[in-house]
Structure formats: C-alpha cells, structure tokens
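K.L.:
Sequence plus predicted model, see below.
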Amino acid sequence: MRKNTLFTVPLFCIAASLVSFYLIVYGIGRFAIVTLPDGTVTSDANRSLLIYGFILAASLIIGGLLFFKKLTKKEILVSATIWAVFHLVLLLIELLFDVTGSLAAAISYLGMTSDWCSFIPMLLMRLTNSFIFSAVVGCLSPYLFVFFGKKR
C-alpha cells in the first residue's frame with residue numbers, strides 16, 4: 001500500500017464533480033429542460049436521469065482507464081473508503097441534526113463533490129422511493145473504481 005495513493009479516489013471524485021457540474025449547468029443540462037403545454041418550464045426527470053447516466057459512465061471509463069488501472073484493487077478500495085466515510089458522515093449529520101443556516105450551506109457544497117455519481121441515488125430513489133437507502137448506496141459508488149484496479 002503506497003501512501004501517495006490514499007487520496008487518489010477523493011481527488012478524482014472532486015475533479016469529476018466539478019467537470020460534471022459545469023457540463024450540466026452550462027452545457028448538456030439544457031437538454032433536460034422542457035416547456036409544458038401550459039407554458040411552464042421544468043426539467044424532465046427521464047432526461048436528467050439519462051444525462052447523469054452518461055456522466056457516470058464517462059467518469060467510470062475515464063477514471064478507470066486513465067487513473068486507476070495502475071493502482072491495485074486494495075489501494076483503490078482504501079482510497080474509496082476514505083471518500084465513502086466522508087460522505088456517510090455528511091449524510092449522518094443531515095439525518096441526525098436539524099441542519100440550517102451556514103451548516104446547511106456547507107454540507108450542500110461538500111455534498112456537491114459527489115455530483116459525478118448522482119445517477120445511482122437518482123435511479124434508486126425512483127425504484128425504491130427510499131431516500132436513506134438511495135443516499136447510502138450513492139455514498140458507496142466510488143467502490144465501482146475497484147473493478148479497474150490491478151490484482152497486485
């Protein structure tokens with residue numbers, strides 16, 4: 001286990017989330033916007049899910065093939081655990097405390113760092129209608145990078 005690989009997954013997730021955010025806000029997000037017959041402008045949930053699915057696939061392929069194929073599965077697993085624990089703690093704070101004001105804003109900004117994998121909780125929320133289940137599984141999504149690692 002190399003110490004310089006501990007924050008590989010968290011750093012990639014932050015970078016992928018920044019790219020994802022700007023792609024959605026300034027680029028492909030407009031394809032999810034629809035005008036209803038009464039003139040109301042809204043976002044189409046199916047199109048949003050499709051856009052986030054493409055972003056997840058691109059993040060997994062780019063991250064897996066460019067950044068994680070040289071790491072061992074164990075190194076990726078430890079690095080992904082750091083990221084998953086961070087997001088599980090954020091989720092726990094949200095669930096246990098009445099989060100308002102500047103704490104809510106801070107948690108919101110920190111939570112945006114998992115924007116690249118929003119497809120998983122969005123899909124699970126649609127299928128199960130359980131916020132807690134879909135949020136917990138969404139926090140564990142960086143473990144998908146383990147499949148791209150070397151055995152040794």
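P.N.:
Structure's in. What do you need? Numbering: from 1, shown residues only.

K.L.:
buried set for stretch 100-112?
P.N.:
Buried residues in stretch 100-112, counted by 16 or more other C-beta atoms under 10 Å: 107, 111. All C-beta spots, glycine's among them, are computed from the backbone N, C-alpha and C.

K.L.:
same check, this time on stretch 59-72
P.N.:
Quick answer for stretch 59-72 (16+ other C-beta under 10 Å): 59, 60, 63, 64, 67, 68, 71, 72.

K.L.:
So the fifth one sits against residue 5, correct?
P.N.:
No. Because the distance of 10.2 Å does not satisfy C-beta atoms under 8 Å, residue 67 is recorded as not touching residue 5.

K.L.:
thinking again about what came up before, which of the buried residues of stretch 59-72 fall within helices?
P.N.:
Members of these lying in helices (criterion: DSSP state H): 59, 60.

K.L.:
how about the buried residues of stretch 59-72 in JSON lines, adding pLDDT?
P.N.:
Output for these, formatted as JSON lines (pLDDT from 0 to 100):
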{"residue": "59", "pLDDT": "93"}
{"residue": "60", "pLDDT": "93"}
{"residue": "63", "pLDDT": "88"}
{"residue": "64", "pLDDT": "88"}
{"residue": "67", "pLDDT": "87"}
{"residue": "68", "pLDDT": "90"}
{"residue": "71", "pLDDT": "90"}
{"residue": "72", "pLDDT": "90"}
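
K.L.:
Residue 37: which of the buried residues of stretch 59-72 is nearest?
P.N.:
residue 59 (35.6 Å; C-beta to C-beta).

K.L.:
dump the residue contacts of the closest one.
P.N.:
Going by C-beta atoms under 8 Å, 6 or more residues apart in numbering, residue 59 touches 16, 20, 116, 117.

K.L.:
mind redoing it with 7 Å?
P.N.:
Residues in contact with residue 59 (C-beta atoms under 7 Å, 6 or more residues apart in numbering) are 16, 116.
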